[in-house]
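Chemist: Build me a model:
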Amino acid sequence: MSASVAVYRDIYTEDRFKQAYGSGDSAKGRLRLREKLAGRFRCSKRACLHLFRERVPILSWLPRYRVKKWLLGDTIAGLTVGILHIPQGELMPPSSSSSSSRERERRAVLCTFAVVSLMTGSVVEQLVPTPLELNSSSSEAADFEAQRIGVASAIALLSGIIMLCMCGLQLGFLSTYLSEPIVKAFTSAAALHVTISQLQSMLGLRLPRHTGTFSLFKTLASVMENLPHTNMAELLISLVCLAILVPFKEINMRYRQHLRTPIPVEILTVIVAAGVAYASSLDSSYNIEIVGHIPAGFPIPRMPAFHTFPDIAGDTVAITFVGYAVSVSLAMIYADKHGYSIHPNQELLAHGISNTVSSFFTCFPSSATLATTNILESAGGYTQLSGLFTSLVVLIVLLLIGPLFYFLPKAVLACINVTSLRQMFLQFQDLPELWRVSKIDFMVWVVTWLSVVVLNVDIGLAIGVVFSMMTVICRTQRAGCSVLGRASNTEIYRPLENHSKCYEVPGVKIVTYNGPIYYGNRGFFREEMSRLLGLTPEKIRSWEKARKALEKREREAAINTVVRLLDVQAVLIDCSSVIFVDVAGARLFTQMCTECQKVGVCVYLANCNESVLKILTSSGLMNYMNPQHIFVTVHDAVMYIQQQKEKPPENTMMVWV
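Modeler: This next block holds a predicted model:
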């Protein structure tokens with residue numbers, strides 16, 4: 001048995017509805033705003049405790065920590081990432097920089113990221129270029145190294161300050177412009193950059209690093225050009241590592257539900273590789289590049305090069321946004337995968353504090369990293385507690401056991417990084433579905449990916465965001481304009497082109513526009529309305545001639561002309577999909593009202609939200625339109641128009657559905 005709805009009520013204009021059910025009084029609105037502001041800035045014990053818990057998330061999740069389920073996974077994941085941090089830090093330019101690591105948003109690992117490191121190294125090289133002849137054992141070399149470290153630390157400090165300022169200004173909302181297609185394309189393209197940068201280590205090539213636009217192709221061309229110089233021993237090590245890592249990672253992925261914790265293949269690979277290299281003296285026998293000496297002890301605090309701030313400001317802004325974009329993008333990906341939410345402003349605060357504090361310990365800018373974050377996730381990390389074990393490993397290695405990694409081949413680290421980026425490349429599988437769902441989002445994905453790959457990470461990201469915003473603007477500029485029809489025996493109105501059983505109300509043209517009306521699309525909106533209503537300039541001029549004929553008492557000819565010109569006596573605009581109107585849009589409404597009045601057509605509005613109605617009223621539209629022609633619903637307006645045709649207006653009119 002089907003349910004039915006019957007309604008019997010008065011016809012409501014906006015004014016009558018407000019009189020019957022009340023309206024938002026401006027004085028009350030100001031009072032509520034004042035109360036909200038007072039409550040927001042009121043200092044209380046409860047508010048301070050809430051703010052403190054927001055800024056120190058460990059107080060929220062640690063009491064609910066599930067020791068039996070999560071501790072083993074967090075321990076192994078933290079140890080794995082910690083072991084990889086030390087030698088990876090040695091691979092990143094500028095040289096002799098230590099790295100600090102901290103877990104953010106459960107799984108995103110904060111440490112040295114290849115792209116950010118290369119961007120930082122490029123700035124350092126510009127300000128402190130490497131001399132053609134430099135004796136590594138001289139005091140001049142030590143001074144040169146100190147200058148480079150000072151510049152890198154200054155970049156980290158300025159980047160941290162920028163992030164803290166952004167957090168203070170609550171600019172975390174900027175991450176909303178990183179749409180899902182941008183995030184996935186950006187991380188996939190950045191993963192390709194990282195993979196290409198690791199090829200030289202996997203092949204045993206000693207090549208200069210390329211930065212700037214087309215750097216990926218420059219690096220790839222350099223690798224291809226030097227393939228004949230490949231170190232076969234390092235190539236063999238890479239192949240063996242890949243043969244071990246790929247199958248075990250596949251096992252961890254496919255049987256994750258059946259394993260209490262994933263197989264720690266990265267830890268085992270590092271330990272075995274370092275042991276074999278030490279026992280076989282691979283570095284001296286086959287000229288294999290190893291990690292080498294790792295400085296022991298905690299870094300001595302040192303002031304960054306403050307005087308370089310004016311020179312590094314522009315590049316630091318780019319480095320900051322790239323680092324933040326990578327971090328937030330990874331956080332979004334894993335939040336979506338594991339079903340939790342992220343807080344962009346908290347990300348800014350965490351990264352800002354990390355970079356600011358670490359800059360005084362000879363560190364350069366850090367961010368979440370693609371490879372290490374994937375390693376943490378695949379190794380079984382559940383919560384931020386894994387960051388504690390990572391930090392302990394880094395601390396122990398720095399203070400005690402750093403020399404044990406002396407013989408670790410760099411090719412092993414490169415293989416671990418490359419195999420850990422598998423998930424980033426699997427995002428290509430989403431493209432067919434994305435094409436089916438939204439071709440515009442597909443184009444955003446492709447444009448972002450190509451821009452990041454072809455140009456560079458920072459420029460490509462900017463192009464992707466701008467292109468995505470342009471698609472939004474284009475969609476609002478060309479929003480659909482439709483004629484509505486009424487479904488028989490209902491108060492439901494739907495577009496005629498999509499519903500064949502809906503009929504057009506005689507003498508009433510009901511139109512709807514599915515978007516905002518503002519300066520960017522007012523021309524398109526006017527053209528669409530003129531097309532649907534038939535209000536061309538020629539017809540308006542013909543009506544003017546008919547009106548003048550009427551004034552000359554040629555009544556019969558004038559009436560015949562009117563009938564031939566227009567079959568519509570009323571135009572009803574459904575504003576339910578109009579989310580906002582600017583001054584240009586409000587003026588367009590006024591022009592349309594005057595043009596319709598010239599041809600004897602009344603204009604009605606329905607379903608206007610408060611902000612749209614306020615702007616239309618403030619712009620003077622009511623001087624050209626009857627305020628009683630603005631209705632709560634489309635059906636109210638249609639009933640009113642039909643009753644106006646049939647009989648004189650009464651004080652009380654009813655709607656029967």
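Chemist: From the chain's centroid, how far away is the strand or helix carrying Ile312?
Modeler: Here Ile312, judged by DSSP states H and E, is contained in helix 309-338. Its chain's C-alpha centre and that of helix 309-338 lie 11 Å apart, by Cα atoms, centre = their mean, to the nearest Å.
Chemist: avg pLDDT for that helix?
Modeler: Averaging pLDDT along helix 309-338 yields 87.
Chemist: Repeat that for stretch 447-464.
Modeler: Here the average pLDDT along stretch 447-464 is 91.
Chemist: Export it to PDB, keeping only CA atoms.
Modeler: Written as PDB, here are the backbone C-alpha positions of stretch 447-464 (Å, rounded to 0.1, in the frame of the first residue of the first chain):
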ATOM      1  CA  VAL A 447      46.800  18.100 -15.600                       C
ATOM      2  CA  THR A 448      48.200  18.000 -12.000                       C
ATOM      3  CA  TRP A 449      50.100  14.800 -12.700                       C
ATOM      4  CA  LEU A 450      51.700  16.000 -15.900                       C
ATOM      5  CA  SER A 451      52.500  19.400 -14.400                       C
ATOM      6  CA  VAL A 452      54.300  17.900 -11.500                       C
ATOM      7  CA  VAL A 453      56.200  15.400 -13.600                       C
ATOM      8  CA  VAL A 454      57.100  17.700 -16.500                       C
ATOM      9  CA  LEU A 455      57.800  20.900 -14.600                       C
ATOM     10  CA  ASN A 456      58.500  20.500 -10.900                       C
ATOM     11  CA  VAL A 457      56.700  19.700  -7.700                       C
ATOM     12  CA  ASP A 458      56.000  23.300  -6.500                       C
ATOM     13  CA  ILE A 459      55.100  24.700 -10.000                       C
ATOM     14  CA  GLY A 460      53.100  21.600 -10.800                       C
ATOM     15  CA  LEU A 461      51.100  21.800  -7.500                       C
ATOM     16  CA  ALA A 462      50.300  25.400  -8.200                       C
ATOM     17  CA  ILE A 463      49.100  24.600 -11.700                       C
ATOM     18  CA  GLY A 464      47.000  21.800 -10.400                       C
END
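Chemist: Flag every buried residue along that stretch.
Modeler: Of the residues in stretch 447-464, 447-449, 451-453, 455-464 count as buried by neighbour count, 16 or more other Cβ atoms under 10 Å. Quick note: C-beta positions are derived from backbone N, CA and C, even for glycine.
Chemist: Do a quick rundown of the helices in the stretch 351-500 of the chain.
Modeler: Applying DSSP state H, counting those that start in this stretch to the stretch 351-500 of the chain gives helices spanning 370-378, 385-396, 410-420, 422-425, 431-437, 439-454, 457-477.
Chemist: now for those, which one comes closest to Arg66?
Modeler: When the helices of the stretch 351-500 of the chain are compared by Cβ to Cβ, helix 385-396 sits nearest Arg66, at 10.8 Å.
Chemist: what angle separates that closest one from helix 370-378?
Modeler: For helix 385-396 against helix 370-378, the angle by axes from the mean of the first three to the mean of the last three Cα atoms, to 10 degrees is 120 degrees.
Chemist: Can you give the distance of helix 385-396 from its chain's centre?
Modeler: On Cα atoms, centre = their mean, the centre of helix 385-396 falls 30 Å from the chain's centre.
Chemist: just to revisit the earlier point, do you know which of the helices of the stretch 351-500 of the chain lies nearest Lys184?
Modeler: Going by Cβ to Cβ, the one of the helices of the stretch 351-500 of the chain nearest Lys184 is helix 439-454, 6.7 Å.
Chemist: re earlier: ok, of the helices of the stretch 351-500 of the chain, where does mean pLDDT dip lowest?
Modeler: Across those, the lowest-scoring stretch is helix 370-378, with a mean of 74.
Chemist: could you dump that helix to PDB, C-alpha only?
Modeler: The C-alpha trace of helix 370-378 is given here as PDB (Å, rounded to 0.1, in the frame of the first residue of the first chain):
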ATOM      1  CA  LEU A 370      55.900   9.200   0.700                       C
ATOM      2  CA  ALA A 371      58.200   6.300   1.100                       C
ATOM      3  CA  THR A 372      58.700   6.300   4.900                       C
ATOM      4  CA  THR A 373      55.000   6.800   5.500                       C
ATOM      5  CA  ASN A 374      54.200   3.800   3.300                       C
ATOM      6  CA  ILE A 375      56.900   1.800   5.200                       C
ATOM      7  CA  LEU A 376      55.300   2.700   8.500                       C
ATOM      8  CA  GLU A 377      51.800   1.700   7.300                       C
ATOM      9  CA  SER A 378      53.000  -1.500   5.700                       C
END
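Chemist: buried sites along it?
Modeler: Using 16+ other Cβ under 10 Å as the test for burial, helix 370-378 gives Leu370, Ala371, Thr372, Thr373, Asn374, Ile375, Leu376, Glu377, Ser378.
Chemist: Out of those, which two sit at the greatest distance?
Modeler: Counting by Cβ to Cβ, the most remote pair of the buried residues of helix 370-378 is Leu370 and Ser378, 12.4 Å apart.
Chemist: Which neighbours do those two have in common?
Modeler: Residues touching both Leu370 and Ser378 (Cβ atoms under 8 Å, 6 or more residues apart in numbering) are Ser420.
Chemist: of the buried residues of helix 370-378, closest to Tyr518?
Modeler: Nearest to Tyr518 among the buried residues of helix 370-378: Leu370, at 39.4 Å, using Cβ to Cβ.
Chemist: mind listing what the closest one touches?
Modeler: Phe113, Thr187, Ala190, Ala191, Val194, Val326, Leu330, Ser420, Leu421, Met424.
Chemist: returning to what we had before: got the buried residues for the helix holding Ile312?
Modeler: Neighbour count says helix 309-338 has 312, 315-316, 318-335 buried, by 16+ other Cβ under 10 Å.
Chemist: Equivalent analysis for stretch 591-608, please.
Modeler: 592-593, 595-596, 599, 601-608.
Chemist: Stretch 635-642 now?
Modeler: His635, Asp636, Ala637, Val638, Met639, Tyr640, Ile641.
Chemist: same deal with stretch 579-588?
Modeler: Across stretch 579-588, burial judged by 16+ other Cβ under 10 Å covers Val581, Asp582, Gly585, Ala586, Arg587, Leu588.
Chemist: With stretch 62-80 instead?
Modeler: Neighbour-count burial for stretch 62-80 [16+ other Cβ under 10 Å]: Trp70, Leu71, Gly73, Asp74, Thr75, Ile76, Ala77, Gly78, Leu79, Thr80.
Chemist: Adding distance to Gly275, pLDDT and secondary structure, write those out as CSV.
Modeler: Shown next, in CSV, are the buried residues of stretch 62-80 (distance: Cβ to Cβ, whole Å; pLDDT from 0 to 100; DSSP: H, G, I helix; E, B strand; the rest coil):
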residue, distance to Gly275, pLDDT, secondary structure
Trp70, 31, 83, helix
Leu71, 28, 85, helix
Gly73, 26, 83, helix
Asp74, 26, 84, helix
Thr75, 22, 86, helix
Ile76, 20, 83, helix
Ala77, 22, 82, helix
Gly78, 22, 83, helix
Leu79, 17, 82, helix
Thr80, 17, 78, helix
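Chemist: Let me know the closest of these to Cys241.
Modeler: Checking the buried residues of stretch 62-80 against Cys241 by Cβ to Cβ gives Thr80 as the nearest, at 14.8 Å.
Chemist: Just send the buried residues of stretch 579-588 back as JSON lines, with distance to Cys502 too.
Modeler: As requested, the buried residues of stretch 579-588 are exported to JSON lines (distance: Cβ to Cβ, whole Å):
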{"residue": "Val581", "distance to Cys502": "27"}
{"residue": "Asp582", "distance to Cys502": "32"}
{"residue": "Gly585", "distance to Cys502": "28"}
{"residue": "Ala586", "distance to Cys502": "30"}
{"residue": "Arg587", "distance to Cys502": "32"}
{"residue": "Leu588", "distance to Cys502": "27"}
